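Q: Sequence plus predicted model, see below.
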Amino acid sequence: MSQTLATSGTIAAIATAIVPQQGSVGIVRVSGTEAIAIAQQLFHAPGKQKWETHRILYGYIRHPQTQELIDEALLLIMQAPRSFTREDVVEFHCHGGIMAVQKVLQLCIEQGARLAQPGEFTLRAFLNGRIDLTQAESIADLVGAKSPQAAQTALAGLQGKLREPIRQLRNTCLDILAEIEARIDFEEDLPPLNEENIQAQIAEVTAKVQQILATADRGELLRTGIKVAIVGRPNVGKSSLLNAWSRSDRAIVTELPGTTRDVVESQLVVGGIPVQVLDTAGIRETSDVVEKIGVERSRRAAEAADLILLTIDAEIGWTEAETEIYQQVKSRPVILVINKIDLITENQKQNLLTAIPQFQFQVHTAAALNQGIEELETAILTVIHAGKAQAADLDLAVNQRQAAALTSAKTSLKQVLTTIAEQLPLDFWTIDLRGAIQALGEITGEEVTESVLDRIFSRFCIGK
Ligand SMILES: Nc1nc2c(c(=O)[nH]1)N(C=O)[C@@H](CNc1ccc(C(=O)N[C@@H](CCC(=O)O)C(=O)O)cc1)CN2
Ligand SMILES: Nc1nc2c(ncn2[C@@H]2O[C@H](COP(=O)(O)OP(=O)(O)OP(=O)(O)O)[C@@H](O)[C@H]2O)c(=O)[nH]1
Ligand SMILES: [Mg+2]
């Protein structure tokens, strides 16, 4: 967004994805006072169709000067305030691909619209009071969701699941503030403050803030997910593991050591958490130029990963090579994956387990037979949930910005309690209470600076 948040004029953008795999329909969205006039210049609806709000017209988009046919299309009209932005909105539903929508967008701009900034439609919905800031952020989360659970949590946010409790907590603080300020202003005329009652209320607000704050870890996991690197010597079955896990033949598998040369990625979902899995080249000393680069890339992938699957071959066990690889990855959480478990007997397995270093997390797989994947996912979930706050049964998940504001609110509220306990004058109580009110207002957007709004909305995609 621009420096100032003044979002004025009629804006236009392509609202649908512009990707190589074309969608069958493409939408150009226009919002602002000129939206309907622009549509009337470009869109021709044959017969007796009425230009009324919440109607869809069928017709043709033509160049306003040359009358050249641009597309056969549908036009959706939503008159203010019954629209997403609460302004007049029109949508041209064109044929997919990029040609029609680009031409229509161009014509809208020639007719006086300007290209929308990223997030500007949603910014208008926010500024015009249709949604609050938590809902605006939920829209961005929903669009970017990489797992069904992430989408569900975002949708809960869009429905006001975060807005409502935060508003209530802030209102409680405002009520307490009013009560205290009344005592400061008209001390003589009012019964004395019920200190205990105020302490109890603030303690209750603090507890609720903490409860919501506890959803932050889950929010982080759902939004950004984690990166898992499969590493190990050549030929232990890393690519087979990726394929079994992703139920695909994404990576090339052969019986030759040194098959994988480049990092192969696959996007999966484990227990609702988006997981990016990286299959890497087997790590070994090699004089092959290409393989050498691959090995270097493996090391970098391992460094970038949140979790390492150190994979070994059950028939071969733990060798000097494994010790060396382990040295390189041990700064991250490691799960030992003993693959090709189908090739050894139960006896050999017992011997193997006593001979190799002990890992807190280890799983046995037979990747070539698609076995052990569930066990692997369970281990991964255990590792990533270890040490993280388990959110209560709230189906919301705050983001980092919201968590920072909640932390600040909590600190202020605790300070109020200290101030009361120390019997300081009422003015002091209000200072920190105001701090908490400010922090909660930053979450909903009731009190938020332009630079914060800039940061939030600039992360949106164009057309949103
Ligand atoms: N084609 C299309 N699909 C879309 C959207 C859109 O803008 N266009 N959306 C957008 O991103 C989402 C739907 N969200 C919307 C939210 C509110 C209104 C709206 O007109 N709200 C009015 C109520 C209308 C009425 O009561 O009749 C309002 O709240 O005042 C429209 C879409 C998802 N799908
Ligand atoms: N019996 C058995 N064979 C397996 C298993 N997993 C992999 N293999 C075989 O082991 C060989 C090597 O598998 P890959 O998945 O290519 O091994 P890799 O670790 O990716 O090897 P590089 O890419 O060379 O580092 C192939 O012939 C696989 O079929 C398993 O669980 N059991
Ligand atoms: Mg491989």
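A: That came through fine. Numbers count the residues shown, from 1 in each chain. Ligands and ions are numbered 1, 2, ... in the order given.

Q: list the contacts for the nearest residue to residue 213 once chain neighbours are set aside?
A: Leaving out its chain neighbours, the residue that sits closest to residue 213 by CB to CB, 6 or more residues apart in numbering is residue 406, at 4.5 Å. In this view, the C-beta of every residue, glycine as well, is placed from N, C-alpha and C. Taking CB atoms under 8 Å, 6 or more residues apart in numbering, we find residue 406 in contact with 209, 212-213, 216, 398, 439, 443.

Q: Max pairwise distance over those: which two?
A: 216 and 439 (14.5 Å; CB to CB).

Q: my guess is residue 440 meets residue 409, correct?
A: Yes: if you go by CB atoms under 8 Å, residue 440 and residue 409 touch, sitting 5.3 Å apart.

Q: For the closest residue in space to residue 27 that isn't next to it in sequence, the count of nearby residues, please.
A: Excluding its sequence neighbours, the residue lying closest to residue 27 (CB to CB, 6+ apart) is residue 15, at 4.3 Å. Look at residue 15: counted by other CB atoms under 10 Å, it has 20 neighbours.

Q: distance of residue 15 from residue 114?
A: 16 Å (CB to CB, to the nearest Å).

Q: that older thread, ok, of the contacts of residue 406, which one's closest to residue 88?
A: Among the contacts of residue 406, and counting by CB to CB, the member closest to residue 88 is residue 443, at 30.5 Å.

Q: what's the pLDDT at residue 392?
A: Residue 392 carries a pLDDT score of 54 in this model.

Q: How about the stretch 201-350 of the chain: which residue is closest to ligand 1?
A: Per CB to the nearest ligand atom, residue 223 is where the stretch 201-350 of the chain lies closest to ligand 1, at 19.5 Å.

Q: nope, the stretch 301-450 of the chain is what I meant
A: Taking CB to the nearest ligand atom, the stretch 301-450 of the chain has residue 445 as its residue nearest ligand 1, at 16.9 Å.

Q: Give me the neighbour count for that residue.
A: Residue neighbour count, defined by other CB under 10 Å, stands at 20 for residue 445.

Q: same check, this time on residue 157
A: Using other CB under 10 Å, residue 157 has 26 other residues around it.

Q: buried sites along the longest strand along the chain?
A: The longest strand of the chain (DSSP state E) is strand 69-78. By neighbour count on 16 or more other CB atoms under 10 Å, the buried set for strand 69-78 is 70-71, 73-78.

Q: Could you list the residues in contact with that strand?
A: 36, 39, 42-43, 45, 51-63, 84, 88-95, 100, 103-104, 107.

Q: Show me the shaky parts of the protein.
A: 1-6, 387, 389-394 (pLDDT under 70).

Q: What residues does it have near ligand 3?
A: 238-239, 259-260 (CB under 5 Å from the ion).

Q: let's go with 6 Å and repeat that
A: When proximity is defined by CB under 6 Å from the ion, the chain lies next to ligand 3 at 238-239, 251, 259-260, 279.

Q: thinking again about what came up before, I'd assumed residue 140 was in contact with the residue of the stretch 201-350 of the chain closest to ligand 1.
A: No: taking contacts as CB under 8 Å, residue 223 lies outside contact range of residue 140: 9.7 Å.

Q: ok, whichever residue of the chain sits closest to ligand 2 - contacts?
A: Across the chain, no residue is closer to ligand 2 than residue 282, which sits at 2.6 Å (CB to the nearest ligand atom). By CB under 8 Å, 6+ apart, the contact set of residue 282 is 232-236, 238, 257-260, 295, 298.

Q: and what of residue 361?
A: 333-336, 379, 382-383.

Q: Can you give me the distance of the closest residue to residue 146 other than its chain neighbours to ligand 3?
A: Of all residues not flanking residue 146 in the chain, residue 274 sits nearest, at 3.6 Å (CB to CB, 6+ apart). According to CB to the ion, to the nearest Å, residue 274 and ligand 3 sit 23 Å apart.
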